[in-house]
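1. Requesting a structural model of the entry that follows:
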Amino acid sequence: MLVAAAVCPCPPLLVPDVAAGAAPELDAARAACTDALGVLAAARPDLLVVAGPAERSGRGPHPEGARGTFRGFGVHLDVRLGGNGARTRMREGTAGSEPVEGGDRPLPPSLAVAAWLLGRTGWSDAPVEGLGVGEPLAAERCIQVGREIAARAGRVALLVMGDASACRTLKAPGYLDDRAAGFDMEVAHALGAADVAALKTLDAELAYELKASGRAPWQVLAGAAEGAGLAGALLYEDAPYGVGYVVAAWS
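-> Numbering: from 1, shown residues only. Prediction:
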């Protein structure tokens, strides 16, 4: 049964090493993510599942200890999912740290950001598993996946990664779309209120057009939260860089 959930954005810029000189711009978002993860720890789960958007190669399950990297963003920093939050900063020119057993596939970027967040807070409260969710996954399937996750253990927690629209300003990755602000407002309200019904009915086509990577993971959360009676709190909502970022906690 789902006992707690945290919703966080997943831009690699959330990692200060990647953001470099712009890191302070997301300090408030990082602080909110830390608070949300605190809610997960306080729930004392038997299992933590981390779900986030993924391209085809990163979809599906990722075991505890699976490794991700930010080298593609010019930073020699590797992370591991769980494992007491272990992470390795790589020196320029090094070949890499030792491979993690069972972690042959690299984490998709969203789960790498999650692994960094967990490492930052020193997560060691429960076993951790990752799930890369494809953007095209239909709402009905997302909801069913969520139900299956909630049935995995007596006390399940979810860390759900994903961004809202990428079309809030002219300089946004998806350029300006007048529909983006309204969509993001709807998402923020649903996540802040733990409104399962609203999340289930998010418009998948509109989310795709607005480049909202969180739609499918949020609907996985909706399926997992059915009947759990959780209350929500909106901890952060903003659109730096023209992309909607939302942090919420359910307990």
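2. so how far is the host helix or strand of Ala249 from its chain's centroid?
-> For Ala249, the element it lies in under DSSP states H and E is strand 245-250. Counting by CA atoms, centre = their mean, to the nearest Å, strand 245-250 is centred 10 Å from the centre of its parent chain.
3. Just give the nearest non-adjacent residue to Leu77, would you?
-> Phe70 (4.7 Å; CB to CB, 6 or more residues apart in numbering). C-betas here are computed from N, CA, C, even on glycine.
4. what's the distance between the one you found and Gly242?
-> For Phe70, the distance to Gly242 (CB to CB, to the nearest Å) stands at 22 Å.
5. Surely the residue nearest to Leu77 and Val18 touch.
-> Yes - with contact defined as CB atoms under 8 Å, Phe70 counts as touching Val18 (5.5 Å).
6. Can you pull the residues that touch both of the two?
-> 12, 77 (CB atoms under 8 Å, 6 or more residues apart in numbering).
7. Listing partners with orientation, what would you give for the strand holding Ala249?
-> Using DSSP bridges, the strands paired with strand 245-250 are strand 2-8 (antiparallel), strand 232-238 (antiparallel).
8. Identify the residues contacting that strand?
-> In contact with strand 245-250 (CB under 8 Å, 6+ apart) are residues 4-9, 11, 29, 32-33, 35-36, 39-40, 163-164, 184, 187-188, 191-192, 194, 214, 225, 230-239.
9. what sits against Gly214?
-> Per CB under 8 Å, 6+ apart, neighbours of Gly214: 7, 9-10, 53, 160-164, 187, 246.
10. picking that back up, return the alpha-carbon coordinates of the strand holding Ala249 using CSV.
-> This file holds the C-alpha atoms of strand 245-250, laid out as CSV (Å, rounded to 0.1, in the frame of the first residue of the first chain):
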residue,chain,number,x,y,z
TYR,A,245,8.9,22.6,-12.0
VAL,A,246,6.6,21.3,-9.2
VAL,A,247,7.5,19.8,-5.9
ALA,A,248,4.9,18.1,-3.7
ALA,A,249,4.6,15.7,-0.9
TRP,A,250,1.8,13.2,-0.1
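11. May I see the buried residues of that strand?
-> 245-250 (16 or more other CB atoms under 10 Å).
12. from these, which is closest to Pro61?
-> Closest approach to Pro61 among the buried residues of strand 245-250 (CB to CB): Trp250, at 22.6 Å.
13. distance of Gly82 from Asp46?
-> From Gly82 across to Asp46, the span is 14 Å (CB to CB).
14. Same check on Ala23?
-> 35 Å.
15. Need the mean per-residue confidence for stretch 40-54.
-> Confidence over stretch 40-54 (mean pLDDT, whole number) is 97.
16. got the end-to-end distance for it?
-> End-to-end span of stretch 40-54 (CA to CA, to the nearest Å): 23 Å.
17. again, but for stretch 60-76
-> Per CA to CA, the first residue of stretch 60-76 is 26 Å away from its last.
18. just stretch 69-79 next, same as before
-> Start-to-end, stretch 69-79 (CA to CA) is 6 Å.
19. in that stretch, what counts as buried?
-> Those would be 69-70, 73, 75-79, for stretch 69-79 by 16+ other CB under 10 Å.
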